[in-house]
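**Q** model this:
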Amino acid sequence: MIPSALLTRSGGVCEFCGAAEALSAVPVPPGGEIVLCALCREEASAPASHWRALEGAAWSEVPEVQLAVWRKLGQLGEAWATEVRDGMVLGDQAQSWADMPAALEHRDSNGVLLARGDDVVLIKDLPVKGAGFTAKRGTAVRGISLVADNAAHIEGRVEGQRIVILTEFVKKK
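**A** Take a look at the predicted model:
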């Protein structure tokens, strides 16, 4: 369900590409929400040409849309996207949000958000370097810690050893 104020602001279309089907509200931290279609939410595979719509969306006056477009252009890795992003003039609010350090999100192999103290299960046998053993698939790791500067790493105890584990090899219990 999309709030009526959000639908009114967006004109009932995706704020990236202008599509009118499969719309949903998407949070844009630390701001509010924007309206995106399924392709722009990346729920379905979008052709590379689809993202060219961001060139027009970059001119939006809505700070949340500006920030979301700026972030998405930074993820694309295309020359045109870099050029558009470099040429964007963000409003004061969007610029202050863009200048904030991005909060790292640690996610398991299924994309589930991990938090400090969570319990996870290994989904693959992992040789533990320097410890001389292999952490077996199905091993529970209780009370994990998050590595502050790397979203792909967590720490936990396996067989009494404190080890660093790649998040792609765990799933949340």
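
**Q** Now do the same contact list for the most centrally placed residue in the chain.
**A** In the chain, the centroid-proximal residue (CA atoms, centre = their mean) is E105; its distance is 7.4 Å. By CB atoms under 8 Å, 6 or more residues apart in numbering, E105 lies in contact with 113, 151. Any C-beta I mention is one placed from the backbone N, CA and C, and that applies to glycine too.

**Q** who's in contact with the residue sitting furthest away from the middle of the chain?
**A** Distance from the C-alpha centroid of the chain peaks at G132, with 35.1 Å (CA atoms, centre = their mean). For G132, the contact set (CB under 8 Å, 6+ apart) is empty.

**Q** same question, E83
**A** Applying CB under 8 Å, 6+ apart, no residues contact E83.

**Q** switch to numbering from 39
**A** Got it, the first residue is 39 from now on, which makes the last one we talked about E121.

**Q** Doesn't it lie inside a strand?
**A** No - per DSSP: H, G, I helix; E, B strand; the rest coil, E121 lies outside any strand segment and is helix.

**Q** Now do the helices in the chain.
**A** When assigned using DSSP state H, the helices of the chain occupy the ranges 42-48, 92-95, 101-114, 117-125, 130-137.

**Q** Pull out the buried positions in the second one.
**A** I take that to be helix 92-95. Residues 92, 95 are the ones in helix 92-95 that count as buried (16 or more other CB atoms under 10 Å).

**Q** R200 is nearest to which of the helices of the chain?
**A** When the helices of the chain are compared by CB to CB, helix 101-114 sits nearest R200, at 33.0 Å.

**Q** Would you mind checking the average pLDDT for that closest one?
**A** Averaging pLDDT along helix 101-114 gives 94.

**Q** where along this structure do the strands fall?
**A** All strands of the chain, identified by DSSP state E, fall at 62-65, 71-74, 158-160, 164-166, 171-173, 178-179, 183-184, 191-196, 199-204, 208-210.

**Q** most tightly surrounded among those strands?
**A** Counting by mean count of other CB atoms under 10 Å, strand 71-74 has the highest mean neighbour count of these, with a mean of 23.

**Q** And it, what does it pack against?
**A** Applying 3 or more CB pairs under 8 Å, 6 or more residues apart in numbering; DSSP states H and E, we find strand 71-74 packed against helix 42-48, strand 62-65, helix 101-114.

**Q** that older thread, now the residue nearest to the centre of the chain: how far from N188?
**A** E143 sits 12 Å away from N188 when distances are taken as CB to CB, to the nearest Å.

**Q** just to revisit the earlier point, ranking the helices and strands packed on strand 71-74 by burial, who's on top?
**A** Highest mean neighbour count among the helices and strands packed on strand 71-74 (mean count of other CB under 10 Å): helix 101-114, with a mean of 20.

**Q** Please consider this matter closed, and thank you.
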